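Engineer: generate coordinates for the sequence data below:
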Amino acid sequence: MTRWVTPLAAAAFAALVASAALAQYPARPIRLLVPNPPGGATDITARLVGQKLAEALGQPVVVENRAGSNGNIASEITARAAPDGYTLLLSADSQIVINPHLYSRMPLDTLKDLTPVATLVTTQMVLSVNLSLPVKNFQEFIEYARRANPPLLYASIGNGSQHHLAMEMLKARAGIDLVHVPFKGGGPATIAILAGEVPAMFGGNSVSGHIKSGRLRALALASNRRAPGTMDLPSIGEFYPGYDVTTWLALFAPAGIAEPVLARLRDEVGKLLALPEVQGKLRAAGGLEPFITTPEEFGSMIRADFAKYGKVVKDSGAKVD
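Structural biologist: Sure thing, here's the model as predicted:
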């Protein structure tokens, strides 16, 4: 009889603990780690989401910027934290699905040591060129690059960045040759393309203002579909089916977080992303589009992106250490 009581008692105890965890959560401030300096899209999203999450949960959400090692520092801190819902990570997809392929030594396994909580936003990168380049649209750019001798240069915000990998994917699909010139961040890369030091780059917020002011020419979106509010640009996926470098930001927790706490966080994030006020502020911040998925859809997306970028990194030979 005892051998039957023990599993039942254990299950009852586990249910009691889970129920208690949900009833008490949150009982103190929540720490929200951001793997980037203040001011960028990730930080803007974190502060807006943190504010609304604090209002819903009744506890402060303290945003902490922990930049460094291409996001690995913040990811490691989160992975090593207690899985109690009081330490969360607002991460870009690159830290989760690209870094493991770039670094020969990672301080964590991003697929095992972090639990996906919820997607937050997507943002589009734009293929932009210096005005001196004699092309008016995407097709002309491909033909010009195909004929260029020596090959055209292109800028990125760094080796292994999505800006870099997006162009490497385009090179492979279009059969063109371009030479990569990495810079340390979006600011320096944008200055270089504005000055004509490099004629082309994929960019996000760093180039959008210059495109609107007419200082850069936008040619196409690095995605598989057009997006509202992006100058009615074509997507590269229209020309090369399957091409897609849509970037996303999402919330993660340490592995092992209690299911009731995880469910509460997912529910509150879904509610705040549906608020017109939040959607308006995100879009006004530079094309950030609210992105709501189910846990199953989010998990599938992570696995698909992990495999996709792993191949691109391997084929391009990109490394950062």
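Engineer: just the strands from the stretch 101-250 of the chain, written as ranges.
Structural biologist: 114-123, 126-130, 152-156, 178-182, 200-203, 216-221, 247-254 (DSSP state E, counting those that start in this stretch).
Engineer: who touches the shortest one?
Structural biologist: With contacts defined as CB atoms under 8 Å, 6 or more residues apart in numbering, strand 200-203 is touched by 125-130, 133, 141, 152-156, 162-163, 166-167, 178, 186, 189-190, 193, 207, 222, 245. Heads up, the C-betas are built off the backbone N, CA and C, glycines and all.
Engineer: sorry, back to before: as JSON lines, the strands of the stretch 101-250 of the chain with distance to S104 and mean pLDDT would be great.
Structural biologist: Formatted as JSON lines, the strands of the stretch 101-250 of the chain follow (distance: least, CB to CB, whole Å; pLDDT from 0 to 100):
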{"stretch": "strand 114-123", "distance to S104": "20", "mean pLDDT": "96"}
{"stretch": "strand 126-130", "distance to S104": "31", "mean pLDDT": "97"}
{"stretch": "strand 152-156", "distance to S104": "21", "mean pLDDT": "96"}
{"stretch": "strand 178-182", "distance to S104": "18", "mean pLDDT": "96"}
{"stretch": "strand 200-203", "distance to S104": "26", "mean pLDDT": "96"}
{"stretch": "strand 216-221", "distance to S104": "33", "mean pLDDT": "96"}
{"stretch": "strand 247-254", "distance to S104": "23", "mean pLDDT": "96"}
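Engineer: show me the domain layout of this protein.
Structural biologist: 28-123+246-316, 126-239 (automatic domain parsing).
Engineer: first-to-last residue distance for the shortest one?
Structural biologist: When the termini of domain 126-239 are compared using CA to CA, to the nearest Å, they are 15 Å apart.
Engineer: coming back round to it: export the strands of the stretch 101-250 of the chain to CSV and append columns for mean neighbour count.
Structural biologist: As requested, the strands of the stretch 101-250 of the chain are exported to CSV (neighbours: other CB atoms under 10 Å):
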stretch, mean neighbour count
strand 114-123, 22
strand 126-130, 22
strand 152-156, 23
strand 178-182, 16
strand 200-203, 27
strand 216-221, 23
strand 247-254, 23
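Engineer: list the contacts of F183.
Structural biologist: 155-158, 189, 192.
Engineer: run the last query once more with 6 Å
Structural biologist: 155, 189 (CB atoms under 6 Å, 6 or more residues apart in numbering).
Engineer: in stretch 237-244, what counts as buried?
Structural biologist: 237, 240, 243-244 (16 or more other CB atoms under 10 Å).
Engineer: got the buried residues for stretch 222-241?
Structural biologist: 222-224, 227, 230, 233, 235-237, 240.
Engineer: great, nothing more from me.
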